[in-house]
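# the following block contains a protein sequence and its predicted model.
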Amino acid sequence: MKKNGYTKILLNKALEIIKEIDAKALVLITPSFEGEIPEVEVPIILVGKDFDISDERVKKIPLPLSLGIKNVVNLISAFLVENNIISNGETFLYITPNTLGIRTVKRNIATTKGFFEEAQTVLQRLLEIAVELSLEGKEGYPVGTIFVVGDTKNVLKYSHQIVPNPFRGHKLNVLDKNIKGVIKEFATLDGAFIISNTGRIVAAGRYLDVDPKKLDVHLPPGLGSRHLAAAAISKKTKATAITLSESGVIRVFKNGEIILEYNPRMRY
Ligand SMILES: Nc1ncnc2c1ncn2[C@@H]1O[C@H](COP(=O)(O)OP(=O)(O)OP(=O)(O)O)[C@@H](O)[C@H]1O
């Protein structure tokens, strides 16, 4: 493969295909982007980190590419719908340094308004922490947990403490430096972390009082009560729930559905 992949060649092809299939957006998934922003009539979305590009035609989403292309594309899909760039049933085109893909947006990938803007960095930090916990565990033992982000008032209403809340009276935020160790320490507690939209850690050790059956939550077989509870709270409230299973798989739930599934221990 060329040093910087085939981005330029793929981009040229993409411009042709966009017209042919009437795609509604062009998504560039790349760790770095050099060269001219292409002349194209659809919105351009740049996905990666730390781009030094300020062009009105370009929207930037700093998602960690380590999530794997499949998951990044799922999240972009949600982003495009939320920002009214694309509707269900419509198609967008994405390119990475060595692939070109076409994705038609499915109905069930949806996020609430403002999710990406408000919770983006918070969600990303939690994903990073979940990835580290998945890979390292706690002192060599696997750890499973739930992070419930946003709509805190309602989440607290539909949950209760099962152990005294270690975060009570503290103003700790998931975006604080050195917070990772603290979160990892309490990740072994039973129950969920409750985190506000801005990243404040409101509680840990919280049991989610939601009944997946009554809420008509359906998950793939093999997912137990932790995942059902996370899906159910994301359906009952406007929160996003992130689970880390003891087997190391990370899932993100929104409106009762899995919008991201990622196993850091697996090679994609
Ligand atoms: N309603 C709930 N609220 C908060 N935490 C819960 C809830 N239900 C289960 N859990 C947590 O999930 C843990 C594991 O439960 P279980 O094994 O049934 O889930 P699972 O979905 O199979 O998860 P894993 O894949 O990690 O095994 C429990 O010990 C508990 O800490």
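All right, it came through fine. Numbering: from 1, shown residues only.
# the nearest residue to Leu100 once chain neighbours are set aside and the ligand, how far apart?
Nearest non-adjacent residue to Leu100, counting by Cβ to Cβ, 6 or more residues apart in numbering: Leu10, 4.8 Å away. Every residue, glycine included, has its C-beta placed from N, CA and C. As judged by Cβ to the nearest ligand atom, to the nearest Å, Leu10 and the ligand stand 38 Å apart.
# next up, phi/psi of Leu10, please.
phi -70, psi -40 (degrees, to the nearest 10).
# isn't it up against Ile95?
Yes: using Cβ atoms under 8 Å as the test, Leu10 is close enough to Ile95 to be in contact (4.5 Å).
# count the neighbours of the closest residue to the ligand within the stretch 101-250 of the chain for me.
When scored by Cβ to the nearest ligand atom, the stretch 101-250 of the chain has Gly224 as its residue closest to the ligand, at 2.3 Å. Using other Cβ atoms under 10 Å, Gly224 has 11 other residues around it.
# show me the shaky parts of the stretch 1-150 of the chain.
1-4, 49-54, 62, 107-120 (pLDDT under 70).
# which positions in it make contact with the ligand?
Gly144, Ile146 (Cβ under 6 Å from any ligand atom).
# can you rerun that using 8 Å?
Neighbours of the ligand within the stretch 1-150 of the chain, by Cβ under 8 Å from any ligand atom: Pro142, Gly144, Thr145, Ile146.
# the second one - nearest residue in space that isn't next to it in sequence?
What that stands for is Gly144. Glu246 (4.0 Å).
# you'd agree the one you found is in a helix?
No: using DSSP: H, G, I helix; E, B strand; the rest coil, the assignment for Glu246 is coil, not a helix.
# remind me, longest strand of this structure?
strand 201-208 (DSSP state E).
# any idea how far that one is from the chain center?
20 Å (Cα atoms, centre = their mean, to the nearest Å).
# quick check: buried residues in it?
Using 16 or more other Cβ atoms under 10 Å as the test for burial, strand 201-208 gives Ile201, Val202, Ala203, Ala204, Gly205, Arg206, Leu208.
# residues in contact with the first one?
If I follow you right, that is Ile201. Phe167, His170, Leu172, Asn173, Val174, Ile179, Ile183, Phe193, Ile194, Ile195 (Cβ atoms under 8 Å, 6 or more residues apart in numbering).
# would you check which pair of those residues lies furthest apart?
Ile179 and Ile194 (15.1 Å; Cβ to Cβ).
# ramachandran angles for Ile129?
The phi/psi pair for Ile129 (degrees, to the nearest 10) is phi -60, psi -40.
# that one reaches Ile183, doesn't it?
Yes: using Cβ under 8 Å, Ile129 is in contact with Ile183, at 5.5 Å.
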